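Trainee: A predicted structure for the sequence below; I have some questions about it.
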Amino acid sequence: MSPHTTAPTAGEPTADRLSTMASRRYVPQTALVAGGVVATLLAALFGIQLGTSGASFGVVVDAVWANLTANVPADPALTQTYTIIWELRVPRVALAILGGGALAIAGTLFQGLLRNPLVSPYTLGIAPAAAFGASVSIIVFGASA
């Protein structure tokens, strides 16, 4: 042992122990992210299924697959259902996921920037400013029905 190095004490973790601890932490985080992605995709398929035309889960999957592979069904009623799913419901769900992701990123940025896990838009005055901006735009541009 060199005179400049000290032996680790009983409570101090060694390099091997630190790498083992890091690898144990990495696996649950990966599983959590993978579970979140799967849950988001299942929720998206369920959200696409909701509507007045009564599309089943299989029809939704078929419609998405048919539009991704450019297969046009021969049945006109099925073509109409596929069009409703692809042109109305898929954009609605995609924008909901995009909006939720943007809000999550904004919240994470606020927490990281201010180093406060309890930060909120109300504490910072952003929510009242957004309400003021919406009010001004309604007054200036008019409310659309």
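Mentor: Cool, the structure landed.

Trainee: rest of the way, CA atoms for contacts and neighbours
Mentor: OK.

Trainee: neighbours around R89, how many?
Mentor: 19 (other CA atoms under 10 Å).

Trainee: out of everything not next to it in sequence, what's closest to it?
Mentor: Nearest residue to R89 in three dimensions, chain neighbours excluded: I48, at 5.3 Å (CA to CA, 6 or more residues apart in numbering).

Trainee: dump the residue contacts of that neighbour.
Mentor: By CA atoms under 8 Å, 6 or more residues apart in numbering, I48 lies in contact with V60, I85, R89, V90, V93.

Trainee: Apart from its neighbours in sequence, what residue is nearest the fourth one?
Mentor: In other words, V90. Counting by CA to CA, 6+ apart, the residue nearest V90 is I48, at 6.1 Å.

Trainee: Now do the one you found, the pLDDT please.
Mentor: pLDDT recorded at I48 is 91.

Trainee: mind checking which helix or strand it is in?
Mentor: helix 15-49 (DSSP states H and E).

Trainee: try G100
Mentor: Going by DSSP H and E, G100 is part of helix 90-114.

Trainee: Distance from the chain centre to that helix, please.
Mentor: 7 Å (CA atoms, centre = their mean, to the nearest Å).

Trainee: No further queries at this time; thank you.
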